[in-house]
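Engineer: Show me how the following folds:
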Amino acid sequence: LTEGELFSVALFDQLLEQYKNTPLKGDLQNIFRKIIHSLPSEVTVDSTFLDTNTTFIPDQVVNIDESVFTTIFTAMKNRTTLEFDYRPLQKTTFMTRQLNPYHAVCQKGSWHIIGYCHDKDDVRVFNFSRMKNIKDTNLKFNIPKDFSPDKYFDKEIGVWLSANTKYKVELLISSEIGTYAMERTWNAKQEVKQNEDGSVYVSFETTQLPEVKRWVLGQGKTVKVLAPDVLIEEIQEEIAEIGKLYGKKSEEA
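Structural biologist: As a prediction, the model looks like this:
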């Protein structure tokens with residue numbers, strides 16, 4: 001093993017924090033313990049210096065029931081239909097759903113399953129953490145030949161809604177965070193151009209407008225949406241609602 005490879009082994013436990021809400025963390029730890037134990041006796045891995053010299057800040061992850069995780073992957077492998085109770089983001093109650101699981105996506109520690117929803121008669125995206133009482137019906141299904149997971153998420157932006165309509169997003173990013181904008185990759189086919197005043201023009205295509213909206217709102221006055229119109233309107237509506245929220249608080253105070 002090279003010095004770099006030994007260093008990677010030493011870092012492994014800390015890097016695994018991104019999988020702490022799944023059975024994968026324990027399984028991967030066991031695999032690497034076996035690898036370390038198989039090394040020649042004269043090879044040692046000293047990671048004690050990492051405890052004080054290195055800090056990892058992993059993405060915050062949601063809780064996932066271990067049975068949900070294992071049942072989904074078993075059904076996906078065997079191509080069998082799942083049944084579970086699901087609580088959508090905007091609801092306070094659970095509803096029963098049947099799903100043919102096609103493709104799993106992990107976004108910053110949040111796991112999603114894309115598949116055919118029997119209730120909606122359409123391909124939908126479900127979040128692992130919002131499922132309970134999951135069971136495998138053992139009913140077989142076939143994945144349609146024209147199914148493409150890339151239609152339902154954007155590797156650079158993420159997965160948010162069961163959406164597959166592409167929009168061209170155009171942003172004007174102020175010089176205040178211009179360097180950050182030039183470093184970031186939104187899409188493999190993006191267009192990024194820095195203007196003379198230091199501001200940055202960015203354009204790319206994505207199906208995930210809600211994720212873009214959330215990012216833009218998080219940047220405050222440093223980012224302006226130029227297109228599409230639907231995103232501009234949604235941000236204007238969100239700003240108006242935020243204004244009402246804080247206006248009401250001010251009056252109460």
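Engineer: pretty sure Lys135 is in contact with Thr81, am I right?
Structural biologist: No: at 9.9 Å, Lys135 does not count as touching Thr81 under the criterion of Cβ atoms under 8 Å. Where you see a C-beta, it was placed from the backbone N, CA and C, and this is true even at glycine.
Engineer: which residues of the protein fall in helices?
Structural biologist: 3-15, 24-37, 50-53, 66-78, 178-183, 209-218, 229-252 (DSSP state H).
Engineer: Any chance of JSON lines for the ones you listed, columns mean neighbour count, mean pLDDT and distance to Asp119?
Structural biologist: Listed next are the helices of the chain as JSON lines, based on neighbours: other Cβ atoms under 10 Å; pLDDT from 0 to 100; distance: least, Cβ to Cβ, whole Å:
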{"stretch": "helix 3-15", "mean neighbour count": "13", "mean pLDDT": "69", "distance to Asp119": "39"}
{"stretch": "helix 24-37", "mean neighbour count": "12", "mean pLDDT": "80", "distance to Asp119": "29"}
{"stretch": "helix 50-53", "mean neighbour count": "10", "mean pLDDT": "64", "distance to Asp119": "49"}
{"stretch": "helix 66-78", "mean neighbour count": "17", "mean pLDDT": "95", "distance to Asp119": "17"}
{"stretch": "helix 178-183", "mean neighbour count": "14", "mean pLDDT": "91", "distance to Asp119": "41"}
{"stretch": "helix 209-218", "mean neighbour count": "17", "mean pLDDT": "89", "distance to Asp119": "22"}
{"stretch": "helix 229-252", "mean neighbour count": "11", "mean pLDDT": "85", "distance to Asp119": "27"}
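Engineer: Which one, of these, ends up nearest to Arg97?
Structural biologist: helix 66-78 (12.6 Å; Cβ to Cβ).
Engineer: name the helices or strands packed onto the closest one?
Structural biologist: Counting contacts by 3 or more Cβ pairs under 8 Å, 6 or more residues apart in numbering; DSSP states H and E, helix 66-78 packs against strand 80-86, strand 95-107, strand 110-117, strand 131-140.
Engineer: and these, which is most packed in?
Structural biologist: strand 110-117 (a mean of 21; mean count of other Cβ atoms under 10 Å).
Engineer: Out of the helices and strands packed on helix 66-78, which gets nearest to Ser67?
Structural biologist: Comparing the helices and strands packed on helix 66-78 by Cβ to Cβ, strand 131-140 comes nearest, at 6.5 Å.
Engineer: just the CA coordinates of the closest one, formatted as CSV?
Structural biologist: Taking C-alpha atoms only, strand 131-140 is exported to CSV below (Å, rounded to 0.1, in the frame of the first residue of the first chain):
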residue,chain,number,x,y,z
MET,A,131,-41.9,5.8,4.8
LYS,A,132,-43.1,3.4,7.5
ASN,A,133,-44.8,-0.1,7.7
ILE,A,134,-43.0,-1.1,4.5
LYS,A,135,-43.4,-4.6,3.1
ASP,A,136,-42.4,-6.5,0.0
THR,A,137,-45.5,-7.9,-1.8
ASN,A,138,-43.4,-10.3,-3.8
LEU,A,139,-45.4,-9.3,-6.9
LYS,A,140,-43.1,-9.1,-9.9
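Engineer: tell me the angle it makes with helix 66-78.
Structural biologist: 20 degrees (axes from the mean of the first three to the mean of the last three Cα atoms, to 10 degrees).
Engineer: Now do strand 131-140, average pLDDT.
Structural biologist: The pLDDT scores in strand 131-140 average 97.
Engineer: Tabulate the helices of the chain (TSV), appending distance to Asn100.
Structural biologist: Output for the helices of the chain, formatted as TSV (distance: least, Cβ to Cβ, whole Å):
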stretch	distance to Asn100
helix 3-15	33
helix 24-37	23
helix 50-53	44
helix 66-78	9
helix 178-183	40
helix 209-218	25
helix 229-252	31
